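>>> I'll drop the sequence and a predicted model, then ask my questions.
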Amino acid sequence: MNAPADADSANARFLIQGGFIEREAAGIYNFLPLGLRVLKKINQIIREEMDSVGGQEIAMPVLHPRENWVATGRDQTMKTVLYRTKGAGDHDFVLGPSHEEIVTPLVKKFSRSYKDFPVVLYQIQAKFRNEPRAKAGILRGREFGMKDMYSFHTDEKDLDKYYEQAKEAYLRVYKRMGLEAYIVEASGGAFSDKFSHEFAIRTPAGEDTIFLCESCKYAQNLEIAQAFMDAPPGADEKEKPLKEVSAKRGPSIAEGEKLHNIPAWKILKTVVYKVSGGLLGVCIRGDLEINAEKLEKFLGEEVRTAKVEELKTAKLAIGFISPIGSALPFIADHSIKQVKNFCTGANKHEYDYLNANLGRDFTIKTFAHFADASGDASLKCPKCKKPVKEEKAIEAGNIFKLGTKFAEAFGLTYTDEKGTEQPITMGCYGIGNTRLMGTIVEASHDEKGIIWPKSVAPYQIHLLHLGKEPEVKKAALELYEKLQRQGVEVMYDDRDESAGKKLNDADLIGIPVRVLVSKKTLEKNGVEIKRRVEAKSEIISAQDVVKFL
RNA sequence: CGGGGUGUAGCGCAGAUGGCUAGCGCGCUUCGUUCGGGACGAAGAGGUCCCGGGUUCAAAUCCCGGCACCCCGACCA
């Protein structure tokens, strides 16, 4: 068919046009024969890798009693994405968006002793999340496929060990599908950010912006890219005594640099914002800028910088505002923790403090990341100190250390060697298999269509004949049957269509090896073979086809 | 949820100042000619013009209400 006009992404366009998937409703797709074959390949790879780290496959229900979600509080915290439905007797159910609420009580029914742990369970199943806006074809749907795995451990140390194994298994999954994954320190969410990692596949179609280091494969989300902002050399010097000095300068950082003969990063910058509760001082390292979007995200409301009249009304010394002895509430960017002996305003007109130190001279209760990191070419990898790149990426998986949160909600404990009851520590590991299918298309296609990696291709060989000569069709059919007998996954395009159409369809569908039978090839006593990734083709003997797999 | 847009044949679209049997391209069926990069001719099939209400002699077209879908944003284990 014609490509749908509203297909916004390569995966939607090619997968629909190529007959892999068909849209049923926004974010809801049918998987057609070709698409299902790909999905099964993906699932099998995931299975093998999860099994390799001790995962045991199970199948949990899609319908979850609402009580389970009330028990963890996620009935409320996830209420915007939960699909709800009622069963007989007016019983409330939710359609599972994830399965901690099922797997945790499930494990509780079977495992009580330290001898039963660790336990690792997973399933591959449709998940339901009422996304505010489904988009990008199969990349963000309301019903989507996911492999979700849960691990149960007697202590955090065991979880930590397993978590690293799972991380490696994840990397193997992507690698086997021809994808290069970057491990991204995730930007928080419902659980603490230091306990979660995402796996990012770079592609221009990605929804996320990440900074990545090509040499050590370390990456970080734009939101928390401060890890790439090195502390300036010499910033962490010994604290010196606080000193108040006269400072005839204007309000800009540049003038402070000049007057005190110091670098910009040594200045503690304060910007006053107007928020719903009044005025708020926001501190950041002097060489960095505050990203208003991030600040708004953090505060959860729209903000603007305070107007001069507002500062005057509040009797603030414009250009000399600082957290030292100020009546204003303050928050600060994490970057100010790196620097000792700041220069900053003294909250008096034309007076500055030198050697101001966090904790000694002023305190800030709330820290966040809201420095504007976009476009900063000087960002460096925190591990190997090499320059990092800003890239678009698709989140193709994530893993979490859940701690005891869910175990506590359901009273999942074990009895240790001494007979004492102890809490269970959990991890969870998700891969969107349907999203992965879309991701592969995004990462591997050209203007003609998809280029499937061999490991997930719906078939290994795309066989077709050109021309209507009976001997040509017969030869093609014989080859088809022979390959099938040999156990080769072969799809035979037996349509009587024009050459251009069949060849273009082959490119669109993207099976790795194309085998063509025609009058020409018969005259040369062979078949033409061409790889999807290559432009050239060659004539070979029919029995040699399998050598190209 | 805010902003913008679109709903007409399986797909892509035109028709919109109301007016005759609602069109075009692709696809589909039949026949013939073609046959190595999206062939050609002929004949056909296929439509509650998103739904409901209103105005009118007359509505795909104008008005009101609803629904669905798409894009940007917000949101996002």
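Looks like it came in fine. Numbering: from 1, shown residues only, chains lettered A, B, ... in the order given.

>>> going forward, measure contacts and count neighbours with C-alpha atoms only.
Will do.

>>> Just give me the neighbour total for A:H91.
Neighbour count of A:H91, defined by other CA atoms under 10 Å: 11.

>>> A:F199 is in what secondary structure piece?
Using DSSP states H and E, A:F199 sits within strand A:196-202.

>>> residues making contact with that strand?
A:179-186, A:188, A:391-401, A:439, A:443 (CA atoms under 8 Å, 6 or more residues apart in numbering).

>>> now that strand, how far from the centre of its chain.
Distance of strand A:196-202 from its chain centroid, counting by CA atoms, centre = their mean, to the nearest Å, is 4 Å.

>>> C-terminal to it, what's the next element?
Per DSSP H and E, the first helix or strand lying C-terminal to strand A:196-202 is strand A:208-212.

>>> what pairs with that following strand, and is each one parallel or antiparallel?
Sheet pairing of strand A:208-212 (DSSP bridges) gives strand A:218-221 (antiparallel), strand A:389-403 (antiparallel).

>>> any idea of the mean pLDDT in it?
The average pLDDT within strand A:208-212 is 77.

>>> Specify the angle between it and strand A:196-202 in degrees.
Between strand A:208-212 and strand A:196-202, the angle comes out at 90 degrees (axes from the mean of the first three to the mean of the last three CA atoms, to 10 degrees).

>>> Only C-alpha atoms, please: export strand A:208-212 in CSV.
The C-alpha trace of strand A:208-212 is given here as CSV (Å, rounded to 0.1, in the frame of the first residue of the first chain):
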residue,chain,number,x,y,z
ASP,A,208,15.6,11.2,24.7
THR,A,209,18.7,13.4,24.5
ILE,A,210,21.8,11.9,26.1
PHE,A,211,25.4,12.7,26.4
LEU,A,212,27.6,9.8,25.6
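
>>> can you pull out the strands in the stretch 51-200 of chain A?
A:56-57, A:63-65, A:83-86, A:92-95, A:119-128, A:143-153, A:181-185, A:196-202 (DSSP state E, counting those that start in this stretch).

>>> and the shortest one, what other elements does it pack with?
By that I understand strand A:56-57. helix A:33-52, strand A:119-128 (3 or more CA pairs under 8 Å, 6 or more residues apart in numbering; DSSP states H and E).

>>> again with the fifth one
Counting contacts by 3+ CA pairs under 8 Å, 6+ apart, strand A:119-128 packs against strand A:56-57, strand A:143-153.

>>> Direction included, what does the shortest one pair against?
Okay, so that is strand A:56-57. Each strand paired with strand A:56-57, and its direction, by DSSP bridges: strand A:119-128 (parallel).

>>> and the partner strand, does that touch RNA strand B?
No - on the criterion CA under 7 Å from any atom of the strand, strand A:119-128 is out of touch with RNA strand B, staying 10.3 Å away.

>>> what ranges do the strands span in the stretch 351-500 of chain A?
For the stretch 351-500 of chain A, the strands defined by DSSP E, counting those that start in this stretch cover A:351-356, A:366-368, A:389-403, A:413-415, A:421-423, A:425-431, A:461-465, A:490-493.

>>> how far off strand A:143-153 does the longest one point, in degrees?
Same thing as strand A:389-403. Strand A:389-403 runs at 50 degrees relative to strand A:143-153, counting by the same axes, to 10 degrees.

>>> Contacts for strand A:389-403, please.
With CA under 8 Å, 6+ apart as the test, strand A:389-403 has contacts from A:156, A:159, A:163, A:167, A:191, A:195-213, A:375, A:377, A:424-432, A:435-436, A:439.

>>> Kindly write the PyMOL command that selects the buried subset of these.
With 16 or more other CA atoms under 10 Å as the criterion, this PyMOL line picks the buried residues out of the contacts of strand A:389-403:
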select buried, chain A and resi 156+159+163+167+195+196+197+198+199+200+201+202+203+205+206+208+209+210+211+212+213+424+425+426+427+428+429+430+431+432+435+436+439
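
>>> give me the number of residues near A:S252?
12.

>>> Next up, the contacts around it.
A:G319.

>>> Look up the pLDDT of it for me, please.
Looking at A:S252, its pLDDT is 84.

>>> how near is it to A:V339?
Going from A:S252 to A:V339 by CA to CA, to the nearest Å gives 19 Å.

>>> For the stretch 351-500 of chain A, which residue gets nearest to RNA strand B?
Scanning the stretch 351-500 of chain A for the residue nearest RNA strand B gives A:G500, at 2.9 Å (criterion: CA to the nearest atom of the strand).

>>> Look at that residue and say how many residues are nearby.
As a burial measure, A:G500 scores 10 neighbours (other CA under 10 Å).

>>> so where's the stretch 151-300 of chain A shaky on pLDDT?
Applying pLDDT under 70 to the stretch 151-300 of chain A picks out residues A:186-194, A:221-232, A:300.

>>> The same query, at a cut-off of 90, please.
By pLDDT under 90, the low-scoring segments of the stretch 151-300 of chain A are A:182-198, A:200, A:202-259, A:261-267, A:269-300.

>>> mind listing the helices for chain A?
A:10-17, A:33-52, A:66-72, A:74-77, A:100-110, A:156-176, A:253-260, A:292-299, A:308-313, A:405-410, A:433-443, A:470-485, A:499-509, A:519-523 (DSSP state H).

>>> Make TSV out of the ones you listed and add distance to A:E24.
Shown next, in TSV, are those (distance: least, CA to CA, whole Å):
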stretch	distance to A:E24
helix A:10-17	12
helix A:33-52	15
helix A:66-72	27
helix A:74-77	28
helix A:100-110	28
helix A:156-176	28
helix A:253-260	56
helix A:292-299	34
helix A:308-313	54
helix A:405-410	35
helix A:433-443	15
helix A:470-485	33
helix A:499-509	21
helix A:519-523	42
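
>>> of the ones you listed, which approaches A:K266 most closely?
helix A:253-260 (8.5 Å; CA to CA).

>>> Between strand A:351-356 and the closest one, find me the angle.
80 degrees.

>>> Now do the buried residues in helix A:253-260.
For helix A:253-260, burial by neighbour count (16+ other CA under 10 Å) applies to A:253-254, A:256-257.

>>> Of those residues, which is the nearest to RNA strand B?
Closest to RNA strand B, out of all of the buried residues of helix A:253-260 and judged by CA to the nearest atom of the strand, is A:I253, at 28.7 Å.

>>> From the recorded domain assignment, give the ranges for chain A.
Each domain of chain A is listed here as a residue range: A:10-228+A:388-441, A:243-368, A:459-548, per automatic domain parsing.

>>> Distance to A:W452 added to the ones you listed, as CSV?
Below are the domains of chain A laid out as CSV (distance: least, CA to CA, whole Å):
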stretch, distance to A:W452
domain A:10-228+A:388-441, 7
domain A:243-368, 38
domain A:459-548, 6
